[in-house]
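1. whatever this is, show me its structure:
(chains A and B)
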2 protein chains.
Amino acid sequence: MSDIEIAQQASMRPIIDLAGEKFGIPAEHLDPYGHYKAKISLEYVNSLTDKTDGKLILVTAISPTPAGEGKTTTTVGLGDALSRLGKKTIICLREPSLGPCFGVKGGAAGGGYAQVVPMEDINLHFTGDFHAVGVAHNLLSALIDNHINHGNKLDIDPRRIQWKRVIDMNDRALRKITIGQGGPANGYLREDGFDIVVASEVMAILCLATSRADLKERLGRIVIGYKSDKITPVYASDLKAHGAMAAILKDAIKPNLVQTLENNLAIIHGGPFANIAHGCNTVTATKTALKLADYAVTEAGFGADLGAEKFLDIKCRMSGLKPSAVVLVATVRALKFHGGVAKDDLNQENLAALEKGFANLERHLHNITQHYGLPCVVSINHFTFDTDAEIALLQNKCESLGVKCVVAKHWAHGGAGAEQLAQEILHIVDNREPGFSYVYDNELPLWNKIEAIATKLYGAAKISASPKILAEIKALQAHYGHFPICMAKTQMSFSTNPNAKGAPSDHIVEINEVRLANGAGFIVAIAGDMMTMPGLPKVPAAERIDISDDGVISGLF
Amino acid sequence: MSDIEIAQQASMRPIIDLAGEKFGIPAEHLDPYGHYKAKISLEYVNSLTDKTDGKLILVTAISPTPAGEGKTTTTVGLGDALSRLGKKTIICLREPSLGPCFGVKGGAAGGGYAQVVPMEDINLHFTGDFHAVGVAHNLLSALIDNHINHGNKLDIDPRRIQWKRVIDMNDRALRKITIGQGGPANGYLREDGFDIVVASEVMAILCLATSRADLKERLGRIVIGYKSDKITPVYASDLKAHGAMAAILKDAIKPNLVQTLENNLAIIHGGPFANIAHGCNTVTATKTALKLADYAVTEAGFGADLGAEKFLDIKCRMSGLKPSAVVLVATVRALKFHGGVAKDDLNQENLAALEKGFANLERHLHNITQHYGLPCVVSINHFTFDTDAEIALLQNKCESLGVKCVVAKHWAHGGAGAEQLAQEILHIVDNREPGFSYVYDNELPLWNKIEAIATKLYGAAKISASPKILAEIKALQAHYGHFPICMAKTQMSFSTNPNAKGAPSDHIVEINEVRLANGAGFIVAIAGDMMTMPGLPKVPAAERIDISDDGVISGLF
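-> As a prediction, the model looks like this:
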């Protein structure tokens, strides 16, 4: 059965009932969206402040490969397994972006018997949060060009506007455009472009904001560009945009509650890009889960070098969150890919390649345990092609590093398939105080923060940048030196070369762009070309997505 | 008190309870969106097929002026008044467009004590229908450029693509743009532009579709442009887009239920532009209201020459709806404006100007009663500045034409203020069989249909067109000659000159563009420049819209 068929056979419980029975959330504090989705009121979220926090478990992964790793399914499976063991657990996921559903990958709500439901809703529109982010973003864009059109009293330099437009669609034709054509009635001509909604700074802000007031203040702080003196920033608040933007996000700020196939609660809220943004669900979601449950399982984007790094050095630092343990997800197939096996040959046993590819896992493990000081369990997301010899090799290698490696079969068996993983995690988190070390101090200069990430985590020899970029970093240092770094590099490798698999060392990380995300409160350091607007493939998933006369959706994977 | 303050003080009833108590709609057939909005399942809508229809009352208006007329408030007020008189009534409105909220006009959910609530939600996102329409539209746009990028197997002529992109934002800079810049990875360069979402043919289709199957079929029929032979249409179905587009609209197709300030039910669903589209709420909404209630009150866009004409000649013709009576809304101020009074002097008594401006009302009345054969009541939307002499003059003039003219004070008094209007309407609709005549037969050639609208309703001497447009109409005649006409002209005048107030006669209506809306099933005949993407004013409403720390929105009018 396909994921969507499994999802459609789920016996979902009305979400209001479930939230009341399991966690005592009163119905009046839940805004239902249909019978199986609900938003939790901020008033209720705030009422939980004095409760003790549960334990936070982060699910991350090795460097992604075309073979697939299964971070979301592991998060769902581990959550369901903890619930099966009688532990009060909530999982926290990011909301899927709508645009990519019509491209290559289809949906993003887990897979097999480790899914969140209603799957079609979560993938299509959900509770409208991303639409709200898009509107808030594009209102600011429209206000910028409108301001210039009506006389440009703020003296915005049209050549230095860095606030683009966004749309939740994979649409390469919109990457680089010219706007304002057609004569005076349509404003002034300039170059612009569309990013996908998840790349919007508004999304990053929504995910880091701790209250409506904080949200509005952060929105007001957004730097949209510079005045004609080239150095004075123009803020969203200069355009009086932030009040309306916050009003547009009035519901988007509330966390969304859904359930897993096994009727356990999941909070799915926010979804910033994991390259030019920090790639985690909202602080509000994670904090709410920790107040409601004894165990909260969450995930971060891409591999641990990008996702876990930003989760720890940005999200946890800004919010005070303290994880208790990390699950590092890998598959035998993906490790063989890192060991040099071609995509089509991954289902064949290949112990030599597995051993070689293990270097990728080992580097991530080292980073998590040594640089962040966090205990880690390796979870092998099981495929039927995996041989006993391959599993044994992996387990032996992990054991020699002093780390537990368990095989998890949640994809095929749901929570029951991840009980061993859950037991290992419980053993760790119940026996240590939450906490970790950062990879860099806030007080370090921006350049040294980038250097710390690259040399400590990526295994790079050094970082470099052109004089122009160095000057830009220096200029940013003066006002924003205390900001953390949001690294944007390829997720496929520890280096900036996506084809350098395994664990490349002594490479140079060239920083070729820096961007100020003043509302989010971080500096984006870009190494390589970052794609902020995906395209559609030759045969898009849209072609097979359909709905029957009685409303049953098919073709969403 | 401002509209939003009145709305925020409303004592709303939970919508599920209200729908159950008043109309017996079972809770399981209502998808709640929060506690005060719900979508009605299509299964429930279909289960009503065999029930007897209630009476349909159309609210329309004189030609719009900057003075404001109050069509939506009259619809709400009349509905509340009928309910006060013990009549089972539902009102049907269009959903407001989000973009214009940030421009000049603010919200669009009635006003004073004749409003639908929750006002902020209805104006901001509501249940996400317009976002879904935008995504469905833009998916087709992305698929077009993606198809060309990947080899253009369908041989689409990139110069003849007529399917633009849409966004729900007043953003003049996007009216005319160049896309695909930046090199081969971003596709081929071509000119394009964004319309506002309400101008999308997908919106018109959603509003005319009678089932999920009909929706999908209509979406597949959309003509996005032509092949390089210049004449072979390229359909959305050629791009296999319609299944995914219909899936995206899975919830948008379900009618939305809310309530008035007086806790009476309102269905608010769909909102196509009233110039290049037909300007009415969905057929599903109106039909559902007629099955549930004994009286359904609905409105059409702009003045009766555009809105009522399209409601009758397009929506009613396609769906078989038969209205029983028409309410023609006017204000003393607006009629004085039609009589030549400047905007700033409208609060002064001016009987001569009122008498002169009455010509506009008289022409609309004549059209409704003589050309459509529908009984009509004139409703004067009362302003405190109106003098007794002005009201008396209006009533005498209407009486001399054999038409009732009542003063309605729902803005100040809610339903109680519109009881006389309700009594007059009941007197009419309870004593006649529903039905009317069309202004043109479907069998007439397209050219003669346009001519019939212009000469019969607009008072034009004739219509004209350049040889190029005549050739295009001739070409359309061959395949689409049976389609009704959707006239796009200025709403400010019976003529194509927005400054020709009152009731201009013997003018010439020049058709300067024709467009095929094959999915909607009509031919758009455009006379003059139609604005399909509004701009923001010098001081946009966005600047005053705000949200407090505890979530109370202000500045939406």
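2. all helices of the stretch 1-150 of chain A, in order?
-> Ranges of helices within the stretch 1-150 of chain A are A:3-8, A:15-23, A:42-47, A:71-84, A:119-123, A:129-149, based on DSSP state H, counting those that start in this stretch.
3. which of those helices sits closest to chain B?
-> Chain B sits nearest to helix A:129-149 of all those, at 3.9 Å, using CB to the nearest CB. In short, each C-beta sits where N, CA and C put it, glycine included.
4. ok, back up a step: highest mean neighbour count out of the helices of the stretch 1-150 of chain A?
-> helix A:71-84 (a mean of 28; mean count of other CB atoms under 10 Å in any protein chain shown).
5. got CSV for the helices of the stretch 1-150 of chain A, with mean pLDDT and distance to chain B too?
-> Shown next, in CSV, are these (pLDDT from 0 to 100; distance: least, CB to the nearest CB, whole Å):
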stretch, mean pLDDT, distance to chain B
helix A:3-8, 90, 11
helix A:15-23, 97, 9
helix A:42-47, 97, 7
helix A:71-84, 97, 22
helix A:119-123, 94, 7
helix A:129-149, 98, 4
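6. B:Gln395: which of the ones you listed is closest?
-> Nearest to B:Gln395, of all the helices of the stretch 1-150 of chain A, is helix A:129-149, at 44.7 Å by CB to CB.
7. for the closest one, packing partners?
-> With contacts defined as 3 or more CB pairs under 8 Å, 6 or more residues apart in numbering or on different chains; DSSP states H and E, the packing partners of helix A:129-149 are strand A:156-161, strand A:165-167, helix A:201-208, strand A:223-227, helix A:242-248.
8. between the ones you listed, which gets nearest to chain B?
-> Between the helices and strands packed on helix A:129-149, helix A:242-248 lies closest to chain B; by CB to the nearest CB that is 3.5 Å.
9. distance from the chain centre to the closest one, please.
-> 24 Å (CA atoms, centre = their mean, to the nearest Å).
10. what's it in contact with?
-> Applying CB atoms under 8 Å, 6 or more residues apart in numbering or on different chains, the contact partners of helix A:242-248 are A:132, A:135-136, A:139-140, A:202, A:212, A:215-217, A:219-220, A:222, A:236, B:102, B:120, B:124-125, B:542-547, B:553, B:555-556.
11. A:Cys376 pairs with what?
-> A:Cys376 has these beta-bridge partners by DSSP bridges: A:Val326.
12. residues contacting it?
-> Contacts of A:Cys376 by CB under 8 Å, 6+ apart are A:325-328, A:365, A:368-369, A:403.
13. make CSV out of those and add neighbour count and pLDDT.
-> Converted to CSV, the contacts of A:Cys376 look like this (neighbours: other CB atoms under 10 Å in any protein chain shown; pLDDT from 0 to 100):
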residue, neighbour count, pLDDT
A:Ala325, 25, 98
A:Val326, 28, 98
A:Val327, 27, 98
A:Leu328, 29, 98
A:Leu365, 23, 98
A:Ile368, 26, 98
A:Thr369, 17, 97
A:Val403, 20, 97
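14. and which of those is nearest A:Pro534?
-> A:Leu328 (26.7 Å).
15. state the next helix or strand along the chain beyond the helix or strand where the closest one lies.
-> Using DSSP states H and E, A:Leu328 falls within strand A:323-330. Heading C-terminal from strand A:323-330, the first helix or strand you meet, by DSSP H and E, is helix A:332-338.
16. please tell me how far A:Asn170 sits from chain B.
-> A:Asn170 sits 6 Å away from chain B, going by CB to the nearest CB, to the nearest Å.
17. swap that for A:Lys230, please
-> Taken as CB to the nearest CB, the span from A:Lys230 to chain B is 23 Å.
18. who's in contact with that residue?
-> Counting by CB under 8 Å, 6+ apart, A:Lys230 touches A:157, A:160.
19. got the contact list for the nearest residue to A:Ala500 once chain neighbours are set aside?
-> Nearest residue to A:Ala500, sequence neighbours excluded (CB to CB, 6 or more residues apart in numbering or on different chains): A:Ser493, at 4.5 Å. Counting by CB under 8 Å, 6+ apart, A:Ser493 touches A:63, A:499-501, A:504.
20. what's the helix or strand for A:Ile523?
-> Going by DSSP H and E, A:Ile523 is part of strand A:522-526.
21. so for that strand, mean pLDDT?
-> Mean per-residue pLDDT for strand A:522-526: 98.
22. for that strand, packing partners?
-> By 3+ CB pairs under 8 Å, 6+ apart, strand A:522-526 packs against helix A:446-452, strand A:485-488, strand A:513-517.
23. so which of those is the most packed in?
-> Most buried of the helices and strands packed on strand A:522-526, by mean neighbour count (mean count of other CB under 10 Å): strand A:485-488, with a mean of 26.
24. ok, that strand: who's next to it in the sheet?
-> Looking at strand A:485-488 with DSSP bridges, its partner strands are strand A:522-526 (parallel).
25. so how far is the partner strand off the chain centroid?
-> Counting by CA atoms, centre = their mean, strand A:522-526 comes out at 16 Å from the chain centroid.
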